[in-house]
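*Asks:* Output the structure for:
(one chain, ligands or ions: 1)
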Amino acid sequence: MTEVDWDPEIDTPATVAVVGGGPIGVEAALYARFLGYFVMLFDSAKVGDSVLCWGDAPMPGTWGQVTSSLGLAALEAQGSVEELPSTEDVCTYRQYVEQYLLPIARTDLLYESVQIHSAVRSISRLGCARDTRIPIERRAEQEFRLLIESRKRGEYSQLADIVLDCTGVSSAHGGMATGTGISIGQRQFGDQYSTGKVDGLGKSRDVYSGKHSLLFGSNWPACANALEFARLASETSGTRLTWVIPKQIGGSGLNLSLPDGAPAELLEQAYTLCGGDNVAIVPIAAWGIESLTRGESGWNVKLQVGEEETLDIACDEVINCAPCGADWSFLDGLSANSISGEVAAGSEGLPSPLTSEPHYYVLGQKGFGAQRICSIADGLSQIQTAFGFIGGRSDLNLYETVKPCGQ
Ligand SMILES: Cc1cc2nc3c(=O)[nH]c(=O)nc-3n(C[C@H](O)[C@H](O)[C@H](O)COP(=O)(O)OP(=O)(O)OC[C@H]3O[C@@H](n4cnc5c(N)ncnc54)[C@H](O)[C@@H]3O)c2cc1C
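*Replies:* The predicted structure is shown next:
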């Protein structure tokens with residue numbers, strides 16, 4: 001087990017604040033409740049929101065691989081397992097959220113803990129500024145103070161002994177101008193376009209059906225969006241997509257890129273779409289978007305297609321899939337850099353959930369960044385490692401000891 005200069009062990013009763021209600025946040029909150037901690041889970045949107053954007057697409061793993069024995073045991077205790085898929089079944093993202101993540105969040109174990117539409121805006125430590133000279137062992141004894149902006153309660157603060165940062169990477173989005181700079185108008189109109197993967201065949205179908213949309217990006221969410229738009233266009237007349245694929249010096253043609261761990265066939269399908277004769281989907285390689293404005297009749301976008309060449313495009317909707325990074329901005333009082341180069345004990349090759357801030361753990365996609373996919377199995381392994389530190393026992397593994405009947 002990794003050695004640190006402070007004592008990671010914290011006994012119950014203690015408060016664990018889980019920031020982010022994606023798959024890893026919900027699983028981490030459940031793990032903490034099983035161990036007897038008091039848990040608060042905050043999500044700026046809703047539980048499983050970022051997963052739901054992938055809609056009715058099949059998940060990469062089987063039901064057995066995307067769920068945990070702990071989650072299934074919690075559902076069983078609640079008497080709600082009869083209708084669940086079997087271990088070998090492949091389920092869709094929507095099914096996973098509706099049949100697993102949400103029911104877990106609604107179990108007696110977590111119901112009182114989950115605060116949706118509650119964004120964490122600031123985390124600091126009582127009496128310790130970021131650049132303090134207070135010794136780390138002493139700093140580690142101080143509670144965290146979180147500022148929450150809640151739709152229901154307005155702003156309020158919450159103290160916690162342990163923070164599990166499970167905020168993923170999807171909340172932040174990047175610049176669409178050349179070299180990932182910010183386009184003119186991007187700040188002003190940033191809350192009027194969509195970002196990342198949209199549920200174009202499900203929840204947001206009506207937003208894009210029969211309209212001309214502009215998609216910016218070359219990454220996984222962009223490819224997945226484009227493929228869904230091709231399907232939408234075949235089902236609803238008038239649906240069109242201009243797909244702006246950013247290019248760089250030295251690059252030739254249309255360059256798409258997926259993070260490590262993403263399915264290779266998606267890239268293949270996206271390249272086929274780009275090279276095909278689908279008149280509804282028009283790919284354009286460009287340096288970026290120089291400016292964008294939104295008026296009564298929709299968007300006006302100025303593309304920089306070459307060093308000195310621009311192209312004006314009018315469209316109804318804009319989707320920004322510019323590369324995004326993890327959002328660290330709410331850590332205004334902490335210096336929670338990941339401990340670089342560390343490999344979590346017992347979980348070879350995974351980023352350590354430990355950070356330079358005592359009792360502040362980063363779990364799930366945020367720890368991996370956007371260039372490498374954190375599978376749910378990876379996230380569960382990190383949860384086990386983190387609670388090995390918190391519980392003071394590296395061999396602690398509730399996934400081995402708590403199982404639903406019959407497993
Ligand atoms: C580019 C990319 C594409 C991916 N595509 C796929 C795919 O097709 N299939 C797949 O299985 N996996 C995919 N993944 C991996 C997938 O995102 C992870 O496996 C999984 O969603 C990780 O869960 P998480 O809980 O870490 O983060 P997320 O699921 O992203 O959850 C983070 C949660 O934190 C909340 N949040 C963020 N900031 C705050 C804040 N300040 N306060 C409160 N709440 C906050 C968000 O609302 C969100 O609900 C992809 C990942 C990346 C980076």
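*Asks:* measure the closest residue to residue 54 other than its chain neighbours to the ligand for me?
*Replies:* Sequence neighbours aside, residue 93 is the residue nearest to residue 54 in space, at 3.9 Å (criterion: CB to CB, 6 or more residues apart in numbering). C-beta coordinates here come from the backbone N, C-alpha and C atoms, glycine included. Distance of residue 93 to the ligand, computed by CB to the nearest ligand atom, to the nearest Å: 7 Å.
*Asks:* Flag every residue of the chain that's near the ligand.
*Replies:* 19-25, 42-45, 49-51, 54, 59-60, 119-120, 166-171, 219-221, 259, 327, 330, 364-365, 370, 373-376, 379 (CB under 6 Å from any ligand atom).
*Asks:* Surely residue 65 and residue 376 touch.
*Replies:* Yes: between residue 65 and residue 376 a contact is recorded at 7.1 Å, counting by CB atoms under 8 Å.
*Asks:* quick one: which of these two has more around it?
*Replies:* residue 376 (21 against 16; other CB atoms under 10 Å).
*Asks:* And the residue of the stretch 301-407 of the chain found nearest the ligand, its phi and psi?
*Replies:* Nearest residue of the stretch 301-407 of the chain to the ligand (CB to the nearest ligand atom) works out as residue 364 at 2.3 Å. Taking degrees, to the nearest 10, you get phi 80, psi -150 for the backbone angles of residue 364.
*Asks:* separation between it and residue 268?
*Replies:* For residue 364, the distance to residue 268 equals 28 Å [CB to CB, to the nearest Å].
*Asks:* Please apply the same query to residue 126.
*Replies:* With CB to CB as the criterion, residue 126 and residue 268 are 53 Å apart.
*Asks:* Residue 96 now?
*Replies:* Residue 96 is 25 Å from residue 268, by CB to CB.
*Asks:* And for residue 35?
*Replies:* Residue 35 is 44 Å from residue 268, by CB to CB.
*Asks:* And these two? Which one has more around it.
*Replies:* Using other CB under 10 Å as the criterion, residue 35 and residue 268 rank with residue 35 on top: 17 against 12.
*Asks:* got a pLDDT number for the more buried one?
*Replies:* Listed pLDDT for residue 35 reads 97.
*Asks:* didn't it look like it was pressed against residue 391?
*Replies:* Yes: counting by CB under 8 Å, residue 35 touches residue 391, with 6.5 Å between them.
*Asks:* For the residue in the stretch 1-150 of the chain positioned nearest to the ligand, give me its contacts.
*Replies:* Among all residues of the stretch 1-150 of the chain, residue 22 sits closest to the ligand, at 2.2 Å; criterion: CB to the nearest ligand atom. By CB atoms under 8 Å, 6 or more residues apart in numbering, the contact set of residue 22 is 43, 48, 49, 50, 51, 166, 168, 364, 365.
*Asks:* Just the buried ones from those residues?
*Replies:* Listed as buried from the contacts of residue 22 are 43, 48, 49, 50, 51, 166, 168, 364, 365; burial here means 16 or more other CB atoms under 10 Å.
*Asks:* Could you let me know which of the residues you listed ends up closest to residue 282?
*Replies:* For the buried ones among the contacts of residue 22, the residue nearest residue 282 by CB to CB is residue 50; the value is 28.1 Å.
*Asks:* so the closest one touches residue 168, yeah?
*Replies:* Yes: under the criterion of CB under 8 Å, residue 50 makes contact with residue 168 at 5.8 Å.
*Asks:* List the contacts of residue 17.
*Replies:* Contacts of residue 17 by CB under 8 Å, 6+ apart are 39, 40, 41, 42, 120, 144, 146, 158, 160, 162, 163, 164.
*Asks:* and it, what helix or strand is that in?
*Replies:* Using DSSP states H and E, residue 17 maps to strand 15-19.
*Asks:* Can you tell me the strand partners of that strand and which way each runs?
*Replies:* strand 38-42 (parallel), strand 162-165 (parallel) (DSSP bridges).
*Asks:* Dump the ones you listed into CSV; add distance to residue 86 and mean neighbour count as well.
*Replies:* Listed next are the strands paired with strand 15-19 as CSV, based on distance: least, CB to CB, whole Å; neighbours: other CB atoms under 10 Å:
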stretch, distance to residue 86, mean neighbour count
strand 38-42, 28, 22
strand 162-165, 30, 28
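*Asks:* Before I go, just wanted to say thanks for your time.
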